[in-house]
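# Can you look at this prediction? I've put the sequence above it.
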Amino acid sequence: MSPNTVLNLLKNEIPLDEYNKYIKNLSYDQKNSNSDTIVFLAPNILMQRYVQTKYANKIARIFESSTGIMPSVSIGLKSFTRDVNKPQSDTASSTPKSTSTILNTSYTFENFVVGSSNQLAFAAAESVAKSPNRQYNPLFIYGGSGLGKTHLMQAIGNFAIKNNKTVIYTTSEQFLNDFLYNVRNNTMDRFRQKYRQCDFLLIDDIQFLSKKEQTLEEFFHTFNELHTLGKQIVLTSDKPPKKIAGFEDRLKSRFEWGLMADVQPPEFETKISIIKKKCELDKIYLNDEVVYYIATHMHDNIREIESAISSLGAHSKMLSKEITIEFATEVMKDHIKDQDLDISLNDIIRVVAHELNIKPTDIKSRKRSSPVVEARRISIYLAKKLTKNNKMRELAEFFGLKDHTAVSHAMKKINKLLQENEDFKIKVEELENKIISTKSKNGESV
Ligand code: ADP
Ligand code: MG
């Protein structure tokens, strides 16, 4: 869809005099637009600010609803863009102060539920938003999928924009595309100027830049320059820096300059609060029994929990039915089925043995060499976490242990190690992910 068509569609959504006064005067700036940013030009700075704050989000949404992609919409000044290719010092005086990227406005600190699983990341994000470039630069947030990394990152952005800061929020894929686009068009000056002008650079899911050497090289320079200029950088990733393959050491060490904060799966109480918060925001009423049912039956990915709640809300509305526990169980059958991978003890042993290079039969034997003991403890821990048949006595029997106290002993040891040793924790998480992904792949192919 062409940008001008989008403005026409906007006409139906806003008062006509607003349209005539502001939107009609915009012109599309093809030269400065790219695959993820659409630029319109306003004739003066007042109109530019007004349209940027009031309508940029709306315009982006209209794009999104017809193309599936939410671009950033930026409103520039007609006079400014003519100078865009001049060196920065020349254009400094005419540079618009605040250009912002499209953020989800509901991703705020207020809408984020804090529990022990995410309190460090939350506190760090809030501190960075309020006092950028103090102790935590860069802020590096990492953790599993659906645990709130993007939410926290955008909360920083939303907060900063309210305070008139220039924010660039981009996924690493958009950053990569933008880079390639500008390389192809010989417009790297513009690329550099754009990224180096912001007060906050937020790059989401940085792990996807792995092995993209040229882009990483450019990112490295951007990073250094922003850091020297005292601009705040925030990055997210699914793993801590040292575990991201395909990044040079010099870059990983930069990531560790500031603060690394992880988000963990929510504890039960937090999960309950998140479900309640979501219901409050979406105006869906769930009784305690249903809330409890969702919290116990769904895994920890909050994105999936949210989609289950939305689907409950939609079904209830469509059928004009109250959401009782029977209704919820029926509607959520599919959501729960997806979660229920039916992992067996043998699935666990197979993956653990393979990954740690140990014979599966050794894990179930009485062998006491330390690699075998470790593999056995990990398997017991994962068995309790991932399978349903996790009665202590059954586990003892399966793993060749004397009795259930030996299982508790193994659990104690491993929990201690998980708390004390970050590398070990990551290793166990990776094993867990492998087990889950082999099962879900099998499920899909059936
Ligand atoms: P990630 O980037 O870690 O994959 P997201 O930030 O996209 O996860 O979170 C997925 C969804 O869950 C989002 O809609 C987000 O608002 C919600 N969410 C995650 N954590 C929380 C939390 N602690 N409180 C409220 N909502 C949360
Ligand atoms: Mg994310």
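Great, that's in hand. Ligands and ions are numbered 1, 2, ... in the order given.
# okay, CA-based contacts and neighbour counts for the rest of this
Noted.
# and the stretch 151-300 of the chain, which of its residues are near ligand 1?
With C-alpha under 6 Å from any ligand atom as the criterion, the stretch 151-300 of the chain meets ligand 1 at residues H151, I274.
# I233 pairs with what?
Judged by DSSP bridges, the bridge partners of I233 are L201.
# following the helix or strand bottoming out on mean pLDDT in the chain, which helix or strand shows up next?
Using mean pLDDT, DSSP states H and E, helix 88-91 stands out as the lowest-scoring helix or strand of the chain, at a mean of 34. Remark: after helix 88-91, the chain's next helix or strand is helix 119-130, criterion DSSP states H and E.
# Remind me what the helix or strand that comes right after that next one packs against, helices and strands.
Next in sequence after helix 119-130, counting helices and strands by DSSP H and E, comes strand 139-143. Packing contacts for strand 139-143, counted by 3 or more C-alpha pairs under 8 Å, 6 or more residues apart in numbering; DSSP states H and E, involve helix 119-130, helix 149-162, strand 232-237, strand 259-263.
# Tell me which residues are up against the shortest one.
Going back to what we said before, that points to strand 259-263. The contact list for strand 259-263 (C-alpha atoms under 8 Å, 6 or more residues apart in numbering) reads 117-118, 120-121, 124, 135-144, 147-149, 240.
# related to what we said a few turns ago, need the helices and strands packed on strand 139-143 in TSV (columns: mean pLDDT, mean neighbour count and distance to N433).
Putting the helices and strands packed on strand 139-143 into TSV (pLDDT from 0 to 100; neighbours: other C-alpha atoms under 10 Å; distance: least, C-alpha to C-alpha, whole Å) gives the following:
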stretch	mean pLDDT	mean neighbour count	distance to N433
helix 119-130	96	20	22
helix 149-162	96	24	18
strand 232-237	97	25	16
strand 259-263	96	21	16
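# so which of the ones you listed gets nearest I305?
Taking C-alpha to C-alpha, helix 149-162 is the member of these nearest to I305, at 15.0 Å.
# how far does the helix or strand just after the closest one sit from the chain's center?
Using DSSP H and E, the helix or strand that follows helix 149-162 in sequence is strand 167-171. How far strand 167-171 lies from its chain's middle: 13 Å, per C-alpha atoms, centre = their mean, to the nearest Å.
# Next, the angle from strand 167-171 to helix 149-162.
160 degrees (axes from the mean of the first three to the mean of the last three C-alpha atoms, to 10 degrees).
# so strand 167-171 versus strand 232-237, what angle?
Using the same axes, to 10 degrees: strand 167-171 against strand 232-237 is 20 degrees.
# Spatially nearest residue to Y136 (excluding sequence neighbours)?
The shortest distance from Y136 to any non-neighbouring residue, by C-alpha to C-alpha, 6 or more residues apart in numbering, is to G258 (4.5 Å).
# Could you pull up the contacting residues of that neighbour?
Here G258 is in contact with Q135, Y136, N137, P138, L139, F140 (C-alpha under 8 Å, 6+ apart).
# And for E397?
D403.
# can you list the residues of the stretch 301-446 of the chain near ligand 1?
Residues of the stretch 301-446 of the chain lying close to ligand 1 by C-alpha under 6 Å from any ligand atom are I302, R303.
# one more time with 8 Å, if that's ok
Contacts of the stretch 301-446 of the chain with ligand 1, taken as C-alpha under 8 Å from any ligand atom, map to N301, I302, R303, E304, I305, E306.
# Among those, which ones are in helices?
Those of these mapping onto helices are I302, R303, E304, I305, E306, per DSSP state H.
# right, and the first one touches G146 too?
Yes: with contacts counted by C-alpha atoms under 8 Å, I302 reaches G146, the gap being 5.1 Å.
# Roughly how far does whatever residue of the stretch 151-300 of the chain ends up closest to ligand 1 sit from K425?
Among the residues of the stretch 151-300 of the chain, H151 lies closest to ligand 1, at 3.7 Å counting by C-alpha to the nearest ligand atom. Distance, H151 to K425, using C-alpha to C-alpha, to the nearest Å: 24 Å.
# again with I272
I272 is 25 Å from K425, where distance means C-alpha to C-alpha.
# Those two: which has the busier surroundings?
Ranked by neighbour count (other C-alpha atoms under 10 Å), I272 and K425 place I272 first, with 20 against 16.
# Where does the closest residue in space to the more buried one that isn't next to it in sequence fall, secondary structure wise?
In space, I272 comes closest to A295 once its chain neighbours are excluded; the distance is 6.1 Å by C-alpha to C-alpha, 6+ apart. For A295, the host element (DSSP H and E) is helix 288-297.
# how about that helix: buried residues?
Within helix 288-297, the residues that count as buried by 16 or more other C-alpha atoms under 10 Å are V290, V291, Y292, I294, A295.
# for the fourth one, what are its contacts?
Counting by C-alpha under 8 Å, 6+ apart, I294 makes contact with I305.
# just use 51 as the starting number from now, easier for me
Sure thing, new numbering starts at 51, so read that last one as I344.
# now it: how far from K333?
17 Å.
# can you check the second one too?
V341 sits at a distance of 14 Å from K333 (criterion: C-alpha to C-alpha).
# got it, and I399?
With C-alpha to C-alpha as the criterion, I399 and K333 are 45 Å apart.
# Remind me which helix or strand the residue lying closest to K452 once chain neighbours are set aside belongs to.
The shortest distance from K452 to any non-neighbouring residue, by C-alpha to C-alpha, 6+ apart, is to A446 (6.5 Å). Using DSSP H and E, A446 maps to helix 442-448.
# Just the buried positions in that helix, please.
Using 16+ other C-alpha under 10 Å as the test for burial, helix 442-448 gives M442, L445, A446.
# Which residues are in contact with the last one?
Read it as A446. Shown in contact with A446 (C-alpha under 8 Å, 6+ apart): K452, D453, H454, A456, V457.
# circling back to that earlier point, same list, the contacts of G308, but as JSON lines with distance to F270, neighbour count and pLDDT please.
Formatted as JSON lines, the contacts of G308 follow (distance: C-alpha to C-alpha, whole Å; neighbours: other C-alpha atoms under 10 Å; pLDDT from 0 to 100):
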{"residue": "Q185", "distance to F270": "20", "neighbour count": "14", "pLDDT": "80"}
{"residue": "Y186", "distance to F270": "18", "neighbour count": "21", "pLDDT": "93"}
{"residue": "N187", "distance to F270": "14", "neighbour count": "23", "pLDDT": "95"}
{"residue": "P188", "distance to F270": "13", "neighbour count": "26", "pLDDT": "96"}
{"residue": "L189", "distance to F270": "15", "neighbour count": "27", "pLDDT": "97"}
{"residue": "F190", "distance to F270": "15", "neighbour count": "29", "pLDDT": "97"}
